[in-house]
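Peer 1: Show me how the following folds:
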Amino acid sequence: MRTVDAAGLKIGDDHPPRIMGVLNVSNESPYKPSVFNDPSEAAAYVDTELIGEGADIVDIGLESANKRLDVLSAEEELERLDTALSVLDHVSGDAVFSIETRYHEVAEAALERGFDMVNDICGFADPEMPRVCEAFDAAVAKMASPPDLTRPGAIEDVDDIYDGLEHNGFTDKTIVDPAFGGWSEAKTLEDDRETFDRLREFRGYGHPILVSINRKNFLRDVAGRSTEDALPVSLAATSMAVERGAHIVRTHDVKETRDAALIGHEFKRRRVREPGDVSVEELDVTTTGDAARHLDRVGSDPDLAAESVTRVFELEGLDTDDRDALAAAAPDAGVVSTGRDVGSTGALLIGTPAALGRLEAVVTDGSGALEAALETITRTMD
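Peer 2: Below you'll find the model as predicted:
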């Protein structure tokens, strides 16, 4: 996992989670507490409510990405950029300033005049965006999106997120964003839940991860909360997201989100990362999906993923014949089968998904109950 330097702010596994606070200079944005058109008022908000509460990055949006609203042109965004630049002139606090845009012309103008970073909500649909970011040596958050400047983040299937992130490649300072939220009519709450469940897979790109999950519908749905009452579920999800590998959390609730992110960071599993002539890094791989993304990244066969992680299952209620059948078949399948005390009815099965899948085929003389148990194991690994 590479570390990205965003104007001196280090973003990556070896650094604390970074908090991205939000300021909008677009009156149509739905979250009104973050919307300003007076630069001095906006700067005061940034200093007190964002940087003052712990934001490392301030993301300034020129327009709402709400799919129900008309998309602004690059020229219209540029007209609003002066307001955003005036905010920078009035701010006294220290943070990395990010411009949210889909257009390379806007990104270039912002970077030329004081912004440090770009948040591209259309995922390099503008093919000139990576060139501009590289020219300024700027970090860029790339949100998964169709290759269409009018459809930011309108991913309709979770597996399509990967195509969206890969469109027009990556810069050395790219941060990937899997695009949570209802960006298209076809996207469902279940899609967001699946994306969250598979969050570790995005580590397979080797780039830091940004998540924007603050008060999102898929979280509110779990607890049956309104937007106003959804802060607790957002904070719970923030800790989980950081534990699963997120490096930046974009939020309107800076102080609370910072604390939740630090808890996720503190209690995540520590893995080996040793620099040297030959560096060593233990990858954060817990599923075949995680492994497949890493294998694909290094040009290996993703089908090897089934042999790349280990699963452990406990069976209870076995009779002596079934335990003997498992013990006899396990070595041929490449599975470790270990029982407990003599006379017990339990056993542990330890192996890769591929090996555990083979076990069902090589067990002979097992009871119907054992066959059903092995079918269950195989089915959980599809």
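Peer 1: Give the full set of residues in contact with Ile263.
Peer 2: Going by Cβ atoms under 8 Å, 6 or more residues apart in numbering, Ile263 touches Ser239. C-beta coordinates here come from the backbone N, C-alpha and C atoms, glycine included.
Peer 1: Tell me how far it lies from Thr238.
Peer 2: In this structure, Ile263 and Thr238 are 9 Å apart, going by Cβ to Cβ, to the nearest Å.
Peer 1: same check, this time on Ala74
Peer 2: 33 Å.
Peer 1: ok now stretch 181-201, how far from the chain's centre?
Peer 2: When C-alpha coordinates are averaged (Cα atoms, centre = their mean, to the nearest Å), stretch 181-201 and its chain have centres 11 Å apart.
Peer 1: how long is that stretch end to end?
Peer 2: 18 Å (Cα to Cα, to the nearest Å).
Peer 1: Can you list the buried residues in that stretch?
Peer 2: Of all the residues in stretch 181-201, those buried under the rule 16 or more other Cβ atoms under 10 Å are 181-184, 187, 191-193, 195-196, 198-201.
Peer 1: ok, Glu63 touching Ala74?
Peer 2: No. Counting by Cβ atoms under 8 Å, Glu63 stays clear of Ala74, with 11.0 Å between them.
Peer 1: quick one, which of these two is more surrounded?
Peer 2: Glu63 (22 against 17; other Cβ atoms under 10 Å).
Peer 1: which stretch of helix or strand covers Ala84?
Peer 2: Applying DSSP states H and E as the criterion places Ala84 in helix 74-90.
Peer 1: sorry, that was for Ala261
Peer 2: helix 254-266.
Peer 1: I'd like the average pLDDT over that helix.
Peer 2: Across helix 254-266, pLDDT averages out at 98.
Peer 1: list the buried ones in that helix?
Peer 2: Buried-residue list, helix 254-266, by 16+ other Cβ under 10 Å: 254, 256-258, 260-262, 264-265.
Peer 1: and it, how far from the chain's centre?
Peer 2: Using Cα atoms, centre = their mean, the offset of helix 254-266 from its chain centre is 16 Å.
Peer 1: which stretches of the stretch 101-250 of the chain form strands?
Peer 2: 117-120, 139-143, 174-177, 210-211, 248-251 (DSSP state E, counting those that start in this stretch).
Peer 1: Now tabulate those strands in TSV and tack on distance to Glu128 and mean pLDDT.
Peer 2: Rendered in TSV, the data for these read as follows (distance: least, Cβ to Cβ, whole Å; pLDDT from 0 to 100):
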stretch	distance to Glu128	mean pLDDT
strand 117-120	11	98
strand 139-143	12	98
strand 174-177	15	98
strand 210-211	22	98
strand 248-251	24	98
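Peer 1: export those to CSV and tack on distance to Ile57 and mean neighbour count?
Peer 2: Rendered in CSV, the data for the strands of the stretch 101-250 of the chain read as follows (distance: least, Cβ to Cβ, whole Å; neighbours: other Cβ atoms under 10 Å):
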stretch, distance to Ile57, mean neighbour count
strand 117-120, 7, 29
strand 139-143, 9, 28
strand 174-177, 10, 27
strand 210-211, 9, 26
strand 248-251, 7, 27
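Peer 1: between those strands, which one is nearest to Asp221?
Peer 2: strand 210-211 (17.3 Å; Cβ to Cβ).
Peer 1: Show the contacting residues for the nearest residue to Asn214 once chain neighbours are set aside.
Peer 2: Sequence neighbours aside, Thr251 is the residue nearest to Asn214 in space, at 4.3 Å (criterion: Cβ to Cβ, 6 or more residues apart in numbering). Contact analysis of Thr251 by Cβ under 8 Å, 6+ apart lists 19-22, 212, 214, 234, 238, 257.
Peer 1: So which of those residues is the closest to Tyr162?
Peer 2: Of the contacts of Thr251, the one sitting nearest to Tyr162 (Cβ to Cβ) turns out to be Ser212, at 18.1 Å.
Peer 1: Quickly list what the closest residue to the closest one other than its chain neighbours is bridged to.
Peer 2: Closest residue to Ser212 apart from its sequence neighbours, by Cβ to Cβ, 6+ apart: Arg250 at 4.0 Å. Beta bridges link Arg250 to Met20, judged by DSSP bridges.
Peer 1: mind showing which ranges of the protein have poor pLDDT?
Peer 2: 26-37, 65-69, 340-343, 382 (pLDDT under 70).
Peer 1: So which residues of it form helices?
Peer 2: For the chain, applying DSSP state H gives helices covering 39-45, 74-90, 104-112, 129-135, 160-166, 189-197, 217-223, 231-243, 254-266, 288-297, 320-333, 353-362, 368-380.
Peer 1: name the helices or strands packed onto the fourth one?
Peer 2: I take that to be helix 129-135. Judged by 3 or more Cβ pairs under 8 Å, 6 or more residues apart in numbering; DSSP states H and E, the packing partners of helix 129-135 are helix 104-112, strand 117-120, strand 139-143.
Peer 1: in that helix, what counts as buried?
Peer 2: 129-130, 132-133.
Peer 1: coming back round to it: among the buried residues of stretch 181-201, give me the pair with the biggest separation.
Peer 2: Counting by Cβ to Cβ, the most remote pair of these is Ser184 and Arg200, 24.1 Å apart.
Peer 1: Quick check, Ala230 in contact with Val222.
Peer 2: No. With contact defined as Cβ under 8 Å, Ala230 does not reach Val222; the gap is 9.9 Å.
Peer 1: So the two - more neighbours on which side?
Peer 2: Ala230 (21 against 14).
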